[in-house]
Structures are given as C-alpha cells and as structure tokens.
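Peer 1: quick one, what's the 3D model for this:
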Amino acid sequence: MMRMYALIGLAVILLLLGFDRAVVVDGFVVVKQAHHTSSCRARRSSPPIICAAATTIAPAATNPDVVAVAGDDNDDDKSVSDTDAVEFPPPLTKVDRLKRAATFWSAALPIVASYLGKDAELRFREAFLGEQLTEDYKQLAWDAQHEMGAATLAQTIASLKGFYVKTAQIISSRQDLFPEQYTEALSGFTDQLDPMDPTLAKAIIEQELLHRNEKFDDVFLEFDDEPLGSASIAQVHRAVLSEAYGGPREVAIKIQRPSIESKLLGDIANLKAISKTLRDALPLDYYTVFSELEKQLADEFDFVAEAVSMDRIYNAITTSPDGKSKIAPPLVMPRPVAGLISKRVLVMDFLRGVPLSRAREEMKARGIEPDSPESLLFGRKLLSSLTHVFGRTILETGFFHADPHPGNIFVLEDGRIGLIDFGQVKQIAGRKRETLAKVMVALDEREGDANPYDLNKIGQLALELGVEFNEDSPGEAYAAVAMWLFDGTVEQLPGGYDKGELSPNSPVREIKSFPEDLVLVGRSTILIKAVSNRMGIPWSLAKEWAPIARNVLTPSSQDDGDDERRTRFRDVVRTFRSWSKSKADGAVRRLPSPLRTKVAALVLRVQERRERRKLMKKPRRSSSKK
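Peer 2: Okay, here's the model as predicted:
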C-alpha cells in the first residue's frame, strides 16, 4: 500500500495526456486597420513598435493576457479603426521557458520525494522503533500526505497554466485511479481558469470578424462579459446575433488567448526531455505520448480547421452506417456559424447546460443524489452516448474527437449530452482501423478470459497494431493489455495481472512502446473507463463496439431491388424511435420528484437485466479455429 501511494505521487506529476488550444503568435504583432490586416516582427526593444501605416502600438505588458488597445479606451464597442490595434505579446524566450520548467519541477519533485519520505518514515518506525502502527493510523498519515501534495500541485499549475493544466484535467477525471484529495483539488481546472478581460476579448473579436465600417453592435445584439468557461488557452462567451447575421439567435463565441503557443511548446519540450530521461523507470512510455500530442499542435491554433472538423464529425454521426440516410445523433454538437469564423475566433451554436465536471453539483441542487436511480440512469445514458459516438468515428471513419475530458462534455438542461471543442482531432489509417475492429470482435467472441486460443488471437492482433512489449513479457500480457483497455467487465485479467494502472503488477508495465497513432484512441477509452468506474457501472467497450466493428469488416451487400424501400422503412422506424424517446424523456422529467425516482428505478432495472443478458450471451465466432 505504501509503495502504491509513492507511485501515485509520481504518476500525478507525469500523467499528462493532452492539452488545450493555443493562438499562433510566433513573435508577430498583428494590427488591423479597418479592412486591412498587416504584420510585423516584434522587436524586443524599449521604444514603441512602429508598423503598418505608422500605427503606434505600446510595448507588451508583463501579463501575457494584457492587450494594448490604441485609441479611446472607454469606447469598448466601436469598430476597429486606423488608430485601434491589438498587440499580442512576444513569445517566451529560452530563459522564460527554463524558468517555467524550474518552477514546475521545483514543486513537482519535492511532492514525489515527500511520498518516498513518508513511506520510509512509516517503515522505519515499524522496523526499527518497534511501533505497531494500525491501518487506520497509516491511512490518516497518507490522507494528510495527499492533502499537502494536492494543494502544492494545484498551486503550481494555477501559476503556470499552459500545458500543465491538462495534468489537472486528466487527474480530476480519474477518481478511480487517484486519491480523492487530488481529484477534488484539481477539479476546478477543467473549465474555470482566470478569464481574459472582456475588453480584450471584444477587441480580438473586432479584429478578427468585423468588416469595414462595421461596429460590434452590428453583429452582436448582446455579449456577456462573464465567460461561460475559461480554459487554459481559450474562453467562451454567450452572445446574441443581430438580424443581419440570422438573429436574434443565441451563440457561443470561442476566443483564443494571445501569445500562448510558446508556453505550450516550451512545456511539452521540457516534459519530453524528462520523460525520455526516465523512460525506463516510468510505468508507461510517456515520451511517445508527448511526441504524439506535440504533433497535434499544428491544427490546435486554427479555429477554421476546428470548424471543418466539427462539421465532418457531425456528418459522420448523423449518417447511417450504409451512408444512405440521415439519423438522429446520440448527443448534441454545436454547429459553426458561417461567415463568423476566423483563425482565432469561432462563433457556434449555444448549448445551454453545465460541463460534466460540474454535473454532480447540479444534480444535487435538483435533489438528485449520486447513487439514486435517476443518477445511475443518467450514467448509463452518458456512457452509451459517448461509446456510440467514439465507436463509430474511430472504427468507421478513423476521424474522431481527440480531446475528451469532463470540461468538453456537457449535460444540457433537457437531459441530453453535448460534446464541444473539436480543436484536437485525430485521423488513423485504414489498416489500423481494420485491425482495431478485429480486436473488438475477438474480445467479444472469446469463450473465456483464460482460453489459450482466444488469448493468442487477441495477443497477435495487439502486436499487429504495433504495440511493443518487453522482451521478457509472458504471452498472456498481450491479451491482458487489450482486455484492460477495452473491457471493464473483466474480473481477473489473464496472467494474474491487476486491473489498477499504478499497480506494480499492472499489464501496462509490460508495454515497451505504444504506437503514436493509437495514443489518442487510448485516451478516449480511458475517459469512458473513468466514467463507468465513477458511476459504478460495469462497461465493456469491446461488447458495445463489436457490432460496429463487424459492419466495418463485413459491409452489407447492396440489393438494388428492394434496397430503396427497406431504406425508407428504416428511416421511418428510426425517426419514430427518436421522436418517441424524446417525448418519453420529456414526460419523465416533468413528473414530481418521488414519482420520477420510481419510474427511473423501473427503467434502470429493465436496462440492467438487458445488459446482463447481453454480457452472458456468447456470440458466434466469425471464423473457425485453425
């Protein structure tokens, strides 16, 4: 137990599996003059910078989010004129990046050392001082250690922001893995960071979206100064479009923070360096993880690319697998507003709700307890929606949302699930998709968790995916990793491995290298695992994804005779199911609380019986043993 806590202390620092969006500044000062935009390289000198028709811009402020706006500072709503400009501060220097790295590691390493010290202290008191420490006493000692470590880590991340914020986002979503003190202390980093000043936010919007002689009020009738959410790199404001732009219509405006790219690149460079140095000592090849995430940065800075990704994924989940008809999606996605998209500003549909990171508090405010039938029913709906969307996009098209965390998943006021933030996406090759589909089918069709034929088949597919294992790894390790990643219903992993990631006996420790193409696939599956563990709902991704995988591997043949009539009939059935389900959900939500709880309990029992039958049902093998 004590060694486990020491390992948790190390993993808290190093489990960094993603990052947020950033603005590409690259040392340029951007000046917008009416309908013209020009750029000049920022010189690190004390005099003001002169560029573009003699427009003078004040030197950059110390705060990276401070913007210098020339002209009348009291007139926030006027359009950008020849005397108005927005200066983006210059990128961090090498010295600045080293300071950030020193700040982080000066706090992180003592946290790890304190866990090792606490472990040594307790062992010394028992072995050499002869003290009989009870388990309750040890637990209290470790609880105090967690409180101290969590507070120190939260304070450090809050001061540095940038890439390190994703540490908090990942840890806060893994209640199944990290101590409660850490998940609670870091839960506020998902969507409520220090916001930009509204004057800065509006100035960026004006610079990016407004046309010649156009005022802010010509485009937006309303603009909320208080952001809906403020992440490490971007924040979102509610607004109302004018009639000239299709309003009145509620929209959300996503605005990038200026001058953040150098922070992200510097942070990830530091983390790559330390993870490469400690490559043999860590339970996972984090160097490969960081290398893959670094590749995703290119499109992270471009909201035009994000709008395209948003439409592409929406079209994928609203089209039937045969591509012949439109279907209702299992969750809600915002759509971009045409004509109001730029590299740094994105206007999209407004989703009224709360992020998953605050859903528990919202449910308690409505009188819904965490373990109530209503809460468990919602948990199943959430898992089903996420599983379906990620299963279809990963296996069918290979193009999927690659930044799932509780701040990007919304619980809407009408009970539906929303998915936002498509800046980080991933495309995996067709061959990898096909092999991944074979893994799902093999896991679903296995006759047992210890059947030699099944273990060998699953293990060979894992190797085909490109996963490299340690030379001395037993054969069961290959299948154990696949089951650990894709089947949360397994009670005992083959080879006697533990299900806990941080256990010294975890199958993850047998992995030498993980293919970069699949790093973000693993991140999506880990999110769904975390939700199922938190809700206490056994969930097998392999079982849920297997039907999608079979369709991918064996596309249905086309029958020109009756195919069109069958397609129309399926469309009618799908539409009716979607309509009736929506009406039923609305009717249940309007019921009085005691009656609503009883109805939810009844529906939950039906779903659980159906789930048990599905898990007990053994599918027929797609091919015979050889």
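Peer 1: CA only for contacts and neighbour counts going forward, please
Peer 2: Noted.
Peer 1: I'd assumed Glu476 was in contact with Gly495.
Peer 2: Yes - Gly495 lies in contact with Glu476 (Cα atoms under 8 Å); the separation is 5.3 Å.
Peer 1: can you show me the helices along the stretch 201-350 of the chain?
Peer 2: Assigned by DSSP state H, counting those that start in this stretch, the stretch 201-350 of the chain shows helices spanning 216-219, 261-277, 286-295, 297-300, 303-317.
Peer 1: ok, which of those helices comes nearest Val508?
Peer 2: Set against Val508 and scored by Cα to Cα, those come closest in helix 286-295, at 12.0 Å.
Peer 1: packing partners for the closest one?
Peer 2: Under the contact criterion of 3 or more Cα pairs under 8 Å, 6 or more residues apart in numbering; DSSP states H and E, helix 286-295 touches helix 261-277.
Peer 1: please repeat the previous calculation with a cut-off of 10 Å.
Peer 2: helix 261-277, strand 511-513, helix 519-535 (3 or more Cα pairs under 10 Å, 6 or more residues apart in numbering; DSSP states H and E).
Peer 1: and the last one, which residues are buried?
Peer 2: Residues of helix 519-535 classed as buried: 519-521, 523-533, 535 (neighbour count, 16 or more other Cα atoms under 10 Å).
Peer 1: hang on, the earlier thing: mind checking which of the helices of the stretch 201-350 of the chain is nearest Ala154?
Peer 2: Nearest to Ala154, of the helices of the stretch 201-350 of the chain and by Cα to Cα, is helix 261-277 at 16.6 Å.
Peer 1: so for that closest one, mean pLDDT?
Peer 2: Helix 261-277 carries an average pLDDT of 75.
Peer 1: over to stretch 494-503?
Peer 2: So the average pLDDT for stretch 494-503 ends up being 85.
Peer 1: what's the end-to-end length of it?
Peer 2: This stretch, stretch 494-503, spans 15 Å end to end (Cα to Cα, to the nearest Å).
Peer 1: do the same with stretch 455-474
Peer 2: Stretch 455-474 has an end-to-end distance of 12 Å (Cα to Cα).
Peer 1: cool, stretch 496-509 as well?
Peer 2: Span of stretch 496-509 from end to end, Cα to Cα: 13 Å.
Peer 1: ok, back up a step: relative to Asp487, which of the buried residues of helix 519-535 is nearest.
Peer 2: Set against Asp487, the nearest of those by Cα to Cα is Lys529 (8.7 Å).
Peer 1: just confirm the closest one contacts Ser540, I think it does.
Peer 2: Yes - taking Cα atoms under 10 Å as the definition, Lys529 is a contact partner of Ser540 at 8.8 Å.
Peer 1: the longest helix in the protein is where?
Peer 2: Counting residues, the longest helix found in the chain (DSSP state H) is helix 94-127.
Peer 1: what packs against that helix?
Peer 2: Helices and strands touching helix 94-127, by 3+ Cα pairs under 10 Å, 6+ apart, are helix 2-14, helix 135-160, helix 261-277.
Peer 1: if I look at Asp517, how far off is Ala429?
Peer 2: Distance from Asp517 to Ala429, by Cα to Cα: 8 Å.
Peer 1: comparing the two, which residue is more hemmed in?
Peer 2: More crowded of Asp517 and Ala429, by other Cα atoms under 10 Å: Asp517, with 17 against 12.
Peer 1: ok, the spatially most central residue of the chain - contacts?
Peer 2: The chain has Pro404 as the residue nearest its centroid, 2.2 Å off, counting by Cα atoms, centre = their mean. With contacts defined as Cα atoms under 10 Å, 6 or more residues apart in numbering, Pro404 is in contact with 18, 169-170, 386, 390, 419-422, 424, 520, 523-528.
Peer 1: let's see 8 Å
Peer 2: Pro404 makes contact with Arg523, Ser524, Leu527, according to Cα atoms under 8 Å, 6 or more residues apart in numbering.
Peer 1: would you format those as CSV with distance to Arg550 included?
Peer 2: Shown next, in CSV, are those (distance: Cα to Cα, whole Å):
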residue, distance to Arg550
Arg523, 23
Ser524, 21
Leu527, 24
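Peer 1: ok so, going back, neighbour count: Gly495 and Glu476, which is higher?
Peer 2: Of the pair Gly495 and Glu476, Glu476 is the one with more neighbours under other Cα under 10 Å, namely 20 against 16.
Peer 1: ok, back up a step: tell me, what's touching Lys529 and Ser540 both at once?
Peer 2: With Cα under 8 Å, 6+ apart as the test, Lys529 and Ser540 both reach Gly488.
Peer 1: flag every buried residue along stretch 204-213.
Peer 2: Result for stretch 204-213 [16+ other Cα under 10 Å]: buried residues Ile204, Ile205, Glu206, Gln207, Glu208, Leu209, Leu210.
Peer 1: check stretch 330-339 too.
Peer 2: By 16+ other Cα under 10 Å, the buried positions in stretch 330-339 come out as Pro330, Leu331, Val332, Met333, Pro334, Arg335, Pro336, Val337.
Peer 1: nearest spatial neighbour of the second one, chain-adjacent residues omitted?
Peer 2: Sequence neighbours aside, Ile417 is the residue nearest to Leu331 in space, at 5.0 Å (criterion: Cα to Cα, 6 or more residues apart in numbering).
Peer 1: tell me the bridge partners for the one you found.
Peer 2: Val411 (DSSP bridges).
Peer 1: double-check it against Arg380; I have them as touching.
Peer 2: No - the pair Ile417 / Arg380 is not scored as a contact, 11.6 Å apart, by Cα under 8 Å.
Peer 1: neighbour count: those two, which is higher?
Peer 2: Using other Cα under 10 Å, the more surrounded residue of Ile417 and Arg380 is Ile417, with 23 against 19.
Peer 1: could you measure from that one over to Ala185?
Peer 2: Distance of Ile417 to Ala185, computed by Cα to Cα: 26 Å.
Peer 1: neighbours of Val112, how many?
Peer 2: Neighbours around Val112, by other Cα under 10 Å: 20.
Peer 1: show me the shaky parts of the stretch 101-250 of the chain.
Peer 2: Low-confidence segments of the stretch 101-250 of the chain, defined by pLDDT under 70: 166-167, 170, 173-177, 190-192.
Peer 1: helix, strand or coil for Pro404?
Peer 2: Applying DSSP: H, G, I helix; E, B strand; the rest coil to Pro404 yields a three-state assignment of coil.
Peer 1: also Asp472?
Peer 2: Secondary structure, three-state DSSP: Asp472 is coil.
Peer 1: now distance to Leu265 too, for the buried residues of stretch 330-339, in a markdown table please.
Peer 2: Output for the buried residues of stretch 330-339, formatted as a markdown table (distance: Cα to Cα, whole Å):
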| residue | distance to Leu265 |
| --- | --- |
| Pro330 | 36 |
| Leu331 | 33 |
| Val332 | 32 |
| Met333 | 29 |
| Pro334 | 29 |
| Arg335 | 30 |
| Pro336 | 28 |
| Val337 | 30 |
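Peer 1: what about those, which are in strands?
Peer 2: Using DSSP state E, Pro336, Val337 are the members of the buried residues of stretch 330-339 that sit in strands.
Peer 1: could you export stretch 259-271 as CSV, CA atoms only?
Peer 2: Presented in CSV, the C-alpha positions along stretch 259-271 are these (Å, rounded to 0.1, in the frame of the first residue of the first chain):
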residue,chain,number,x,y,z
SER,A,259,0.7,34.6,-27.0
ILE,A,260,0.3,31.1,-25.6
GLU,A,261,1.9,28.9,-28.2
SER,A,262,5.4,29.4,-26.9
LYS,A,263,4.2,28.3,-23.4
LEU,A,264,2.8,25.1,-24.8
LEU,A,265,5.8,24.3,-27.0
GLY,A,266,8.2,25.0,-24.1
ASP,A,267,6.2,23.0,-21.6
ILE,A,268,6.0,20.0,-23.9
ALA,A,269,9.7,20.2,-24.7
ASN,A,270,10.5,20.1,-21.0
LEU,A,271,8.2,17.1,-20.4
